[in-house]
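S.K.: Here's my sequence, what's the structure:
(one chain, ligands or ions: 2)
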Amino acid sequence: MATVTAKYSIRDYKTDLHNDWCPGCGDFGILNAIQMALANLAIPPHRVVVVSGIGCSGKTPHYINTYGFHTLHGRVMPSVTGIKLANHELTVIGVGGDGDAYGIGAGHFVSGGRRNLDITYVVFNNDVYALTKGQASPTIEKGKKTKSMPEESIMEAINPVALALASGYTFIARGYALDVKHLAGLIASGIQHRGSALIDVLQTCPTYNDLHTKGWYEGQDRGGESRLYKLEETDYDPLVHDPSNPEEVKRKRAQALLKSYEDSDRIPIGVFYRIEVPTYEDYLMRKLPALENKPLVELALEPRDIAPLFEELS
Ligand code: SF4
Ligand code: MG
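M.R.: Residues are numbered from 1 along each chain as shown. Ligands and ions are numbered 1, 2, ... in the order given. I've put the predicted structure just below:
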C-alpha cells in the first residue's frame, strides 16, 4: 500500500503573533479548523489568501501563516471577489462574524452567492457584535436577551442557511466551533467544492453570549444530551445528483430550507446543500480563453502593443 506523506503540518499555517481573543472563545476552534483543513489538503501557504472583515474574527488572518487581508466592515465578499478575479489560481477564504456577513455585509453576501466564484466563506456566528461589547447581531433570535443586551431583541433573526440557499451558494454547511475535527472536514469540503461555499459556524462567545454556551450546545442542562447532531449520520442527502433537472434542484433546496429551520432543541450540523454547476470563472474563461493558462494578474503584466487600440478609438 502506498504511503501518503502530508507535505504540510498545522504548524506551517500558524504565526507567532500573540492571540488576544478571550480565554475559551470559540474563535480558537475555528482558527484551528481552518489550519487543519489547509494542512489536510496540503495547500501551500503562499497559494492561500485569507480575508477578514471587522470584529473579533477579523483578527484571524493575523494568526494564519498565509497571505491575508483585513478589510473594511462588511466588505469581505468584495475583497474576496477582487482577489479571486485577479488570480483565480489562489485558494481564497473569507472569514467574518455574523454581524459583518449577514448585517453590514448582507448585500455583498447575497451577490457573492449569485456570482458563484470558487471561494469559501467561513462565518463565525455568535449572535452578537462581540468586538463592540455584545450588541444583538442579525442572528439572535427574536425575544432573546444575552447578558450584554439591555433588553430582548425585538427583530426577527436571519437564518444563514436559508439566506445562502436563496442567494445561490452552491455549497452550504453549518459547523460547531468546538467540534474542530468535524468543522475542519466541512471547511476542507468547502475549499474543494468548485463554487461559492458557505460554512456558517455556531461559535461560543463566553464573554457576551450566556445563552448559547458550550454547556447549552452540548446539553449539560439535560443530562449531556447534545442539542447538535450530524446530518451525515442520518439518511439526509444534500447533493443535487442531476443539476440539469430543475425539479430535483427545487426539491433539494426545499429539503435544505426545511432542515435549516429545524427546532432549536435539535440542531443539525453538516452539509445542507451541494450542487456542481459552472462557476463565474468558467463563464469568464469562455469570454477570455487565455485565462485557462494564466491568471488575469499575469496576463495584465505582459507587455503588449496598445497602438492598434488607440488607432481604433481615434
Ligand atoms: Fe471571543 Fe467573545 Fe471574547 Fe470576542 S468577545 S474574543 S467573540 S469570547
Ligand atoms: Mg458576532
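S.K.: C-alpha only now, for contacts and for neighbours.
M.R.: OK.
S.K.: Per-residue pLDDT of Met1, please?
M.R.: Here, the pLDDT recorded for Met1 equals 42.
S.K.: switch to numbering from 9
M.R.: All right, first residue 9 from here; so that's Met9.
S.K.: Arg294: neighbouring residues, count only.
M.R.: Arg294: 11 surrounding residues under other C-alpha atoms under 10 Å.
S.K.: who touches the host helix or strand of it?
M.R.: Per DSSP states H and E, Arg294 falls inside helix 288-295. For helix 288-295, contacts defined as C-alpha atoms under 8 Å, 6 or more residues apart in numbering pick out Leu93, His96, Arg123, Asn124, Leu125, Asp126, Gly203, Leu299, Glu300.
S.K.: and stretch 146-153, which residues are buried?
M.R.: For stretch 146-153, a neighbour-count test (16 or more other C-alpha atoms under 10 Å) marks Pro146, Thr147, Ile148, Glu149, Lys153 as buried.
S.K.: and these as TSV, adding secondary structure and distance to Cys213?
M.R.: Formatted as TSV, these follow (DSSP: H, G, I helix; E, B strand; the rest coil; distance: C-alpha to C-alpha, whole Å):
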residue	secondary structure	distance to Cys213
Pro146	coil	15
Thr147	coil	14
Ile148	coil	13
Glu149	coil	16
Lys153	coil	14
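S.K.: now the helix or strand following the helix holding Arg294: mean pLDDT?
M.R.: Next in sequence after helix 288-295, counting helices and strands by DSSP H and E, comes helix 304-309. Per-residue pLDDT over helix 304-309 has a mean of 88.
S.K.: Quick check: next helix or strand after helix 304-309?
M.R.: helix 315-321.
S.K.: Give me the helices and strands touching that following helix, please.
M.R.: On a contact count with 3 or more C-alpha pairs under 8 Å, 6 or more residues apart in numbering; DSSP states H and E, helix 315-321 meets no helix or strand.
S.K.: just the helices in the stretch 159-308 of the chain please.
M.R.: 168-175, 188-200, 222-225, 254-268, 288-295, 304-309 (DSSP state H, counting those that start in this stretch).
S.K.: Please identify the most buried of those.
M.R.: Scoring the helices of the stretch 159-308 of the chain by mean neighbour count under mean count of other C-alpha atoms under 10 Å gives helix 188-200 as the most buried, with a mean of 22.
S.K.: contact partners of that one?
M.R.: Residues outside helix 188-200 that contact it (C-alpha under 8 Å, 6+ apart): 37-38, 40-42, 44-46, 48-49, 99, 127-128, 130, 179, 181, 183-185, 205-207, 278-279.
S.K.: ok, of the contacts of helix 288-295, which come out buried?
M.R.: So, by 16+ other C-alpha under 10 Å, the buried ones in the contacts of helix 288-295 are Leu93, His96, Arg123, Asn124, Leu125, Asp126, Gly203, Leu299.
S.K.: can you list those in TSV and add distance to ligand 1 and pLDDT?
M.R.: Formatted as TSV, those follow (distance: C-alpha to the nearest ligand atom, whole Å; pLDDT from 0 to 100):
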residue	distance to ligand 1	pLDDT
Leu93	31	96
His96	31	96
Arg123	30	97
Asn124	29	98
Leu125	28	97
Asp126	28	98
Gly203	28	98
Leu299	40	93
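S.K.: mind checking the backbone torsions on Val57?
M.R.: phi -130, psi 130 (degrees, to the nearest 10).
S.K.: What is the burial count for it?
M.R.: 22.
S.K.: So which bits of the stretch 9-158 of the chain are right by ligand 1?
M.R.: Trp29, Cys30, Cys33, Asp35, Cys64, Ala138, Leu139 (C-alpha under 6 Å from any ligand atom).
S.K.: out of the residues you listed, which are inside helices?
M.R.: Those of these mapping onto helices are Asp35, per DSSP state H.
S.K.: Buried only: go through the residues of the stretch 9-158 of the chain next to ligand 1 for me.
M.R.: Buried subset of these (neighbour count, 16+ other C-alpha under 10 Å): Cys33, Asp35, Cys64, Ala138.
S.K.: Nearest to ligand 2 among these?
M.R.: The closest of these to ligand 2 turns out to be Ala138 (C-alpha to the ion; 5.4 Å).
S.K.: the strands in the stretch 59-208 of the chain, which residues?
M.R.: Secondary structure of the stretch 59-208 of the chain by DSSP state E, counting those that start in this stretch: the strands cover 75-78, 99-105, 128-133, 136-137, 143-144, 179-184, 205-210.
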